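**Student:** I need the structure of the sequence given here:
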Amino acid sequence: MQQSGDFAATLLEASASGFAGMASSLLLERHPQLKAVWGDDALARWRKHLQQRLLELAAAIRAGEPGLFESRVQWTARAFIAREAPLESVVQGLDCLRDILAERLPEPGRDVALSYLAQGAKGLASAALAEPSPLRGSAPSTRLALRYLATAMEGRTRAAEDLVLEAVDAGLDPRSAYLDVILPAQVEIGRLWHDGEIGIAEERVLTGTTQRLLPQLARRLPPAADRGLTAICAAVRGNTHDIAMRVVSDLLEADGWRIVFLGADVPPEEVQRAVEYFDGRLVVLSAALTTQLGDLEETIKAIRGLPDNGPRIIVGGLALDGAPDLWRRLGADAYSATIDGILETAADLFPAD
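**Tutor:** Below you'll find the predicted structure:
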C-alpha cells in the first residue's frame, strides 16, 4: 500500500502541471459558463488552482493521511464561498481531476489517488460553516487586540505598537500580550484575508507592525534562571510565515533557554548545521502547508542523522491539521497545535532543576 502511495505521489508531483492543464481544459469544455465568471484568463487561473490541489493531494498520499487533503479542500471551498465564487465549480474541478487521473494515472497508484480525491471531496460538506473569529467576547485582552488590529489597519502602525506597549507598562502580563493580543490579531487578519474581506496589503501592514513590536515586547518579559540549554526555532523550507516561531523563541528565552531563531524558509541542512554549531538540545519546527511536510520530514531526518540521534524535536503548524498523529511517523518527539502547548511540552521534556 505504501509503495503504491509513494508511486502515486511521485507521479502527481512530477506531472501536476500537465494533469492540471488537461483538467482545466476539460472543466471549461464541460462548463463554458465558468469563462464568464473567471474572465479571459480562466484557463490559466484554473490550471494554477488545480495544480496546487494536485500537489496537496500528493502530500496527503505521501503522508498516508487522507484527512490532510480533506482539510485543504475545505479551506479552498471556504475561500470560494467568501469571495462569492460558485462553490459547485470546486466540485466540478475535482470531478475533472478525477476523470483525468482515472484515465492517465497508471497502476499501481491510480486507486490510491482516486480514493484520496474522493475523501477530500467530503470536506465540501462542512465548507459552508463560517470560520470563527478568534476575537470574540469582551475580555480586556480581546478589546485590546481589536484596537491593535484596527489602528494598524488605519496605517497608524506606531500608534498600534504603543497601544500594546503602554498596556504592558501599565500592568498587562507580557505573556498575555503575546498570546491573547498579538497572536489572535494575526489569526484574525489571516481569516479576513481568507474570507476575501481584505487584500494582501492590509495583511502585510499588520504583519509588519507585529514584526516591529515583538522585539520591543520581548524586552519586557521577565527572565527566568538560565537553564544552560539551547533551543533552535525555525520555519521549514518553503514556510515564509515565522511570527509564531518568533513568539515561541521569545517565550522560551523568557523561560531560561538560550535561543537560536533561524526565521523563515530554512533548508534542512541549515537547521542541522545550527544544531551542531550551537549544541541545540531542543528544536521547534513549523510547517504551514501540507506541501511543506516533505521538507519537515527531511529536516527531522537531517537532525536525526547527528550523533546520539540529536536533540528533542517539537513540531507544529497548520500543515499538520487533520492529521494530529502524523508527527510520530515523521520522527518528531512531540506535536502541539498551540504555542501554549509547545511551551508546556518543552517544560515536560526538560524540567527545570
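**Student:** now the strands for this protein?
**Tutor:** With DSSP state E, the ranges of strands along the chain come out as 230-236, 258-266, 282-286, 312-316, 334-335.
**Student:** got a markdown table for the ones you listed, with distance to residue 22 too?
**Tutor:** C-betas here are computed from N, CA, C, even on glycine. As requested, these are exported to a markdown table (distance: least, CB to CB, whole Å):
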| stretch | distance to residue 22 |
| --- | --- |
| strand 230-236 | 31 |
| strand 258-266 | 31 |
| strand 282-286 | 35 |
| strand 312-316 | 36 |
| strand 334-335 | 37 |
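**Student:** In a markdown table, list those strands along with mean pLDDT, mean neighbour count and distance to residue 154.
**Tutor:** Formatted as a markdown table, the strands of the chain follow (pLDDT from 0 to 100; neighbours: other CB atoms under 10 Å; distance: least, CB to CB, whole Å):
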| stretch | mean pLDDT | mean neighbour count | distance to residue 154 |
| --- | --- | --- | --- |
| strand 230-236 | 98 | 26 | 29 |
| strand 258-266 | 97 | 18 | 27 |
| strand 282-286 | 98 | 26 | 30 |
| strand 312-316 | 97 | 24 | 32 |
| strand 334-335 | 96 | 20 | 38 |
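**Student:** for the ones you listed, which one sits closest to residue 348?
**Tutor:** For residue 348, the closest of the strands of the chain is strand 334-335, at 8.3 Å, according to CB to CB.
**Student:** Which strands and helices lie in contact with the closest one?
**Tutor:** With contacts taken as 3 or more CB pairs under 8 Å, 6 or more residues apart in numbering; DSSP states H and E, strand 334-335 sits against strand 312-316, helix 326-330.
**Student:** Quick one: mean pLDDT over the last one.
**Tutor:** By that I understand helix 326-330. Summarised as a single mean, pLDDT over helix 326-330 is 94.
**Student:** Report the buried residues of it.
**Tutor:** 326, 327, 330 (16 or more other CB atoms under 10 Å).
**Student:** same deal with stretch 296-309?
**Tutor:** 296, 297, 298, 299, 300, 302, 303.
**Student:** Turn the helices and strands packed on strand 334-335 into a markdown table, including distance to residue 133.
**Tutor:** A markdown table is the format used below for these (distance: least, CB to CB, whole Å):
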| stretch | distance to residue 133 |
| --- | --- |
| strand 312-316 | 22 |
| helix 326-330 | 28 |
